[in-house]
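Trainee: Turn this into a structure:
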Amino acid sequence: MKACFFDLDGTLLDTLADIGGACNAVLAAHGYPVHPVGAYRQMVGNGFPILMRRALPASVVAQGPQERLDALTEEGRAYYAAHLSIHTTPYPGLAAALARLQDAGLRLAVLSNKPEDLTCALVPLHFPGIRFDAVHGGRHDAPLKPDPTVLLQMAESMGVAPRDCAYVGDSDVDMMTARNAGMTAVGVAWGFRGAAEVRAAGANMVAADAEELVHILLKD
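Mentor: Numbers count the residues shown, from 1 in each chain. You can find the predicted model right below:
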């Protein structure tokens, strides 16, 4: 293995409380029912616009119009950007695990469906000692995961072949992304979705904790 690409939410960082808090703030402001934070485990993963549509009442989404839905999405995004890391923390052992992978010569990068500006703010905030070759999030000019386009572009820019790379994530979207890119799909059991989902989505291996993740990625 020469390089490893990571998902962010549910893989490196536990961001659920802040994501759920932002969505609930918008829902409450407009008189809509809010959700338990745990419910957002099944809503995240496909980008912020889809997250907001999943959080909104189905009747509101059905009525539209699109301009209103876009405005609510932007409101949620703005609230989240202003409260980006109130409760967010790295998962146990992940900072040390990344340092060990880096010291072993593995090249590291992050690709998330979270908006790119927010992704690029969170990664150095929580992993200041890690030298990531690239950090990318969701952009208007590029397809989101599980489309492998951006992931393959990142690998090419780093000069590594997909067959020599792993993509690590906590969801079916992440496992599909890895497989679509021709990379090793490594699932994590500690994330938002759990081991069963990543196994069902075709994970080549599943790490129970940070220590096992290091072992998987360095075993070659």
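Trainee: where do the strands sit along the chain?
Mentor: 3-6, 13-14, 89-90, 107-115, 132-138, 165-169, 184-188, 205-207 (DSSP state E).
Trainee: In JSON lines, list the ones you listed along with distance to L56, mean pLDDT and mean neighbour count.
Mentor: C-beta coordinates here come from the backbone N, C-alpha and C atoms, glycine included. JSON lines is the format used below for the strands of the chain (distance: least, C-beta to C-beta, whole Å; pLDDT from 0 to 100; neighbours: other C-beta atoms under 10 Å):
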{"stretch": "strand 3-6", "distance to L56": "29", "mean pLDDT": "98", "mean neighbour count": "26"}
{"stretch": "strand 13-14", "distance to L56": "24", "mean pLDDT": "98", "mean neighbour count": "22"}
{"stretch": "strand 89-90", "distance to L56": "28", "mean pLDDT": "98", "mean neighbour count": "14"}
{"stretch": "strand 107-115", "distance to L56": "18", "mean pLDDT": "97", "mean neighbour count": "25"}
{"stretch": "strand 132-138", "distance to L56": "19", "mean pLDDT": "97", "mean neighbour count": "20"}
{"stretch": "strand 165-169", "distance to L56": "26", "mean pLDDT": "98", "mean neighbour count": "28"}
{"stretch": "strand 184-188", "distance to L56": "29", "mean pLDDT": "98", "mean neighbour count": "26"}
{"stretch": "strand 205-207", "distance to L56": "33", "mean pLDDT": "98", "mean neighbour count": "20"}
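Trainee: quick one: pLDDT of the residue in the chain sticking out farthest from the centre?
Mentor: Using C-alpha atoms, centre = their mean, the residue of the chain lying farthest from its centre is Q63. It sits 29.6 Å away. pLDDT for Q63: 91.
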